[in-house]
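below are the sequence and a predicted model; questions follow.
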Amino acid sequence: MGRQPCCDKLGVKKGPWTADEDKKLINFLLVHGQCCWRAVPKLAGLRRCGKSCRLRWTNYLRPDLKRGLLNEDEEQLVIDLHARLGNRWSKIAARLPGRTDNEIKNHWNTHVKKKLIKMGIDPITHEPLPKQVGTSSQQDNHVLNNHQEIITENRMQYGSSSTTTDTENSSTNESQPLDVNNNPIGHDDPLMSYILSGTFLEESSWNFLAAGDNYSDFGVSSSEDSSTWFNMDYKDLGDQDDQDFGLARFSDIDISTTLNDVVIEGDKDCT
DNA sequence: AAGAGTCTCAACCGCCATTGT
DNA sequence: CACAATGGCGGTTGAGACTCT
């Protein structure tokens, strides 16, 4: 028998997240940082499993995420990296700032795969398909040629597996996310617009400075505007996870009792 | 206008790796 | 060292949006 499904408990909500749930999760994570995900829903007042919270945060709510379709440079980079790394989406995503593994995986499955097949490239092996499936445009042929060069180069340089590549720093340097037409993306999503607006940051329930928290722990002095921290690269959070975002962050919560409650409830295997 | 077919992507599931006891 | 708990990853699903007829 495998493990029990993590979210089959009574009262654990599934399905699409509501704006209110998002707000609670963001509020909690920005104030307290990431601790053990299992405890997050309890402490944040959510009827979700920790795994669901983590996914929602990493795939959708993280403030540093780009929105919109991958641009051409990003797509080419994904193809290049996929040729080297295979379906290791998290590794690929790590080289595309602001993109998630889920997003890249979806884009691959819905766009890139078809595109490659149309160009006569096997999306799995990156080898030319035995038979040309469709007619390739001149531009496609150009991409195809480039692609073959990459494959050849990879074979020579990396063999079948590799962790660090010369593409490490080759990702786009854009600081501004762009939409399909290369226009800068604001946050069209009403929730994100709201979150990024002063209104949200000034709300009493959201005003963590007013709550007497010291944000030096987050690498931002308390004199800095809270939005500065909000815009911090997510990776910065991860790097400090063990030290600054561990349970010690819950100094303003009675964490001992709160966590006990979580454990006592038998909320097991919910990652 | 409406029904059918297709596409997109957020979310879930199950497994594996890592960490803690 | 063994086991359990937790985090993370990749594959898959399904609801809603969109397009076509």
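Happy to help now that I have it.

SS state for A:L96?
Put simply, A:L96 is coil when judged by DSSP: H, G, I helix; E, B strand; the rest coil.

quick one: least confident helix or strand in chain A?
Using mean pLDDT, DSSP states H and E, helix A:234-244 stands out as the lowest-scoring helix or strand of chain A, at a mean of 36.

give me the number of residues near the residue nearest to A:H111 when sequence neighbours are not counted?
Distances taken as C-beta to C-beta, 6 or more residues apart in numbering place A:E75 nearest to A:H111, at 7.6 Å, with adjacent residues excluded. Quick note: C-beta positions are derived from backbone N, CA and C, even for glycine. Using other C-beta atoms under 10 Å, A:E75 is surrounded by 19 other residues.

so how far is A:R99 from A:E75?
11 Å (C-beta to C-beta, to the nearest Å).

check A:D80 too.
From A:D80 across to A:R99, the span is 14 Å (C-beta to C-beta).

low pLDDT regions in the stretch 51-200 of chain A?
Applying pLDDT under 70 to the stretch 51-200 of chain A flags residues A:131-200.

quick check: residues of the stretch 1-150 of chain A near DNA strand C?
Proximity of the stretch 1-150 of chain A to DNA strand C (C-beta under 7 Å from any atom of the strand) is limited to residues A:35-38, A:50-51, A:54-55, A:87-91, A:101-102, A:105-106, A:109.

check for me that A:K14 belongs to a helix.
No. Using three-state DSSP, the assignment for A:K14 is coil, not a helix.

these two touch, right, it and A:K51?
No. Taking contacts as C-beta atoms under 8 Å, A:K14 lies outside contact range of A:K51: 11.0 Å.

between these two, who's got more neighbours?
Between A:K14 and A:K51, counted using other C-beta under 10 Å, A:K51 has the larger neighbour count: 17 against 10.

tell me which element that one falls in.
helix A:50-56 (DSSP states H and E).

same for that helix, what does it pack against?
Under the contact criterion of 3 or more C-beta pairs under 8 Å, 6 or more residues apart in numbering; DSSP states H and E, helix A:50-56 touches helix A:19-32, helix A:40-44.

on contacts alone, who are the packing partners of the shortest one?
Just to be clear, that refers to helix A:40-44. With 3+ C-beta pairs under 8 Å, 6+ apart as the test, helix A:40-44 has helix A:19-32, helix A:50-56, helix A:255-264 packed against it.

at 6 Å instead, please
Contacts defined by 3 or more C-beta pairs under 6 Å, 6 or more residues apart in numbering; DSSP states H and E place helix A:40-44 against helix A:19-32, helix A:50-56.

what subset of the residues of the stretch 1-150 of chain A next to DNA strand C is buried?
A:C35, A:W37, A:R38, A:G50, A:K51, A:R54, A:L55, A:W89, A:K91, A:D101, A:K105 (16 or more other C-beta atoms under 10 Å).

which residue sits closest to the third one, ignoring its sequence neighbours?
Here the nearest residue to A:R38 in space, its sequence neighbours aside, is A:G50; by C-beta to C-beta, 6+ apart that works out to 4.1 Å.

and chain A, what are its domains?
A:19-64+A:196-264, A:72-157 (automatic domain parsing).

what residues are up against A:I26?
With contact set as C-beta atoms under 6 Å, 6 or more residues apart in numbering, A:I26 has these partners: A:L61.

what of A:D101?
Counting by C-beta under 6 Å, 6+ apart, A:D101 makes contact with A:W89, A:S90, A:A93.

now distance to A:N71 too, for those residues, in a markdown table please.
Converted to a markdown table, these look like this (distance: C-beta to C-beta, whole Å):
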| residue | distance to A:N71 |
| --- | --- |
| A:W89 | 18 |
| A:S90 | 21 |
| A:A93 | 15 |
